[in-house]
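# need a 3D model of the sequence below.
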Amino acid sequence: MSLRVGVVGWGDAGRIHARHLAVHGARVVGIVSRRPPGTDIPWFRSLEDILPEVDALTIATPNDLHAGMTLKAVRAGKAVMVEKPICITRDELRQFEHELPSADVPVHLGYRLRFNEELRRLRRSGGGPVVPRRVHCSYQLGIDRLAAGKSWIRDPVRSGGAWFVLGIHCHDLVRWLCGARGRALTGLTVRDSVPGDYPLQVSLRGRLGETELGISVDMRGNTDYRLQVTVEWPDEDEPRSVVLSGERPGVREEAEYSGLMGNFVEVAEQGLADPVAATEILQTHNELLDARDRG
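Numbering: from 1, shown residues only. Presented below is the predicted three-dimensional model:
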């Protein structure tokens, strides 16, 4: 019997979730949204209504709703894939620290960039267990583009600000590329943010053992999409970089989401909870909250 999945939120991301869930053999049995979704898929007005009907959920709502919905899914024993971040406040993180390590269901975040083929090749380029000297990720994408049709992104209380809109992509990538697996960064330093209400430019540095990690985010104005990841390996003279830009982003994103959702369906069908992945989620969010507090 195919995995029964509910999709919570019916914006662009929710539609992408549903499409790729079906491609990978899951059965989308319902959509939770404020308004009828305009499809043949049954509509549910609340998360509580859909929980008895599903084996798993994907959550693609504004950031401030992620924590409460994810905790309800976990408490109901449902596998869940939530678009990042999983939470944006200290109180929410404390709840997850109390409940997530002992959760007996898979909990995944929407880290689709882990499934980008260029970045996966960059991760393998070190030739096995070699530890990189340095990993840095910079992300540029203007808030005017990001917030088109999503006014909540402009509100740091609802979005978490730049650290949790774009910074979480970068922070996850640098940790993933050096194999952090839940270990904490040391020597975390945050560059003074450019003054502003958001702020729209943020950056941090830290160390993971021998590896120097860094991220920088620029969300000013109408900046074009550009993501650059650079890795320095100890046995190579020149650093290796991957640059992703605005060219054909739809094609690239579809491939990334295909990998993300395929992985979630496989793990959810097997009911494989991963305590190390849970620790990684908590550590990532703790470090980003530290960075935001220091900024």
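
# could you use CA atoms for every contact and neighbour count after this?
Will do.

# could I get the full set of helices for this protein?
With DSSP state H as the definition, the chain shows helices at residue ranges 12-23, 47-50, 66-75, 90-99, 117-124, 143-146, 156-159, 162-165, 167-177, 249-270, 275-294.

# which strands or helices does the fifth one pack on?
Counting contacts by 3 or more Cα pairs under 8 Å, 6 or more residues apart in numbering; DSSP states H and E, helix 117-124 packs against strand 240-245.

# now the strand it packs on: buried residues?
241, 244 (16 or more other Cα atoms under 10 Å).

# okay, now the sheet partners of it, with direction.
According to DSSP bridges, strand 240-245 forms sheet pairs with strand 226-232 (antiparallel).

# let me know the average pLDDT across the strand it pairs with.
The pLDDT scores in strand 226-232 average 96.

# outside of that strand itself, list whatever touches it.
Residues from elsewhere that reach strand 226-232 (Cα atoms under 8 Å, 6 or more residues apart in numbering): 122, 132-141, 238-246.

# what do you get for stretch 209-223?
With Cα under 8 Å, 6+ apart as the criterion, stretch 209-223 contacts 131-145, 162-163, 166-167, 170-171, 174-175, 178, 200-207.

# any of those residues buried? List them.
If we count by 16+ other Cα under 10 Å, the contacts of stretch 209-223 have these buried: 131-145, 162-163, 166-167, 170-171, 174-175, 178, 200-207.

# just to revisit the earlier point, deepest of the helices of the chain, which one?
Most buried of the helices of the chain, by mean neighbour count (mean count of other Cα atoms under 10 Å): helix 162-165, with a mean of 24.

# and Arg154, how many neighbours does it have?
Counted with other Cα atoms under 10 Å, residues neighbouring Arg154 total 20.

# okay, it: pLDDT?
94.

# if we ignore the residues flanking it in sequence, what's nearest Leu288?
In this structure, Leu288 finds its nearest non-sequential neighbour in Trp163, 6.4 Å apart by Cα to Cα, 6 or more residues apart in numbering.

# Asp290 is in contact with the one you found, correct?
No. Using Cα atoms under 8 Å, Trp163 is not in contact with Asp290, being 10.2 Å away.

# which residue of the protein lies farthest from its centroid?
Asp237 (32.0 Å; Cα atoms, centre = their mean).

# and that one, how far from Glu212?
17 Å (Cα to Cα, to the nearest Å).

# one more: Glu253?
Glu253 is 28 Å from Glu212, by Cα to Cα.

# so who does Gly160 touch?
With the criterion set at Cα under 8 Å, 6+ apart, Gly160 makes contact with 63-64, 88-89.

# out of the residues you listed, list just those in strands.
Within the contacts of Gly160, no residue falls in strands by DSSP state E.

# who wins for neighbours among those residues?
Among the contacts of Gly160, Ile88 has the most neighbours (other Cα under 10 Å), with 26 neighbours.

# tell me who's in contact with it.
So Ile88 contacts 63-64, 159-160, 164, 285, 289 (Cα under 8 Å, 6+ apart).

# between these, which sits nearest Asp104?
Among the contacts of Ile88, His285 lies closest to Asp104 (Cα to Cα), at 20.6 Å.

# hang on, isn't that closest one packed against Arg90?
No. Counting by Cα under 8 Å, His285 stays clear of Arg90, with 9.2 Å between them.

# distance check, the residue nearest to Leu288 against Val202.
Taking Cα to Cα, one finds Trp163 at 7 Å from Val202.
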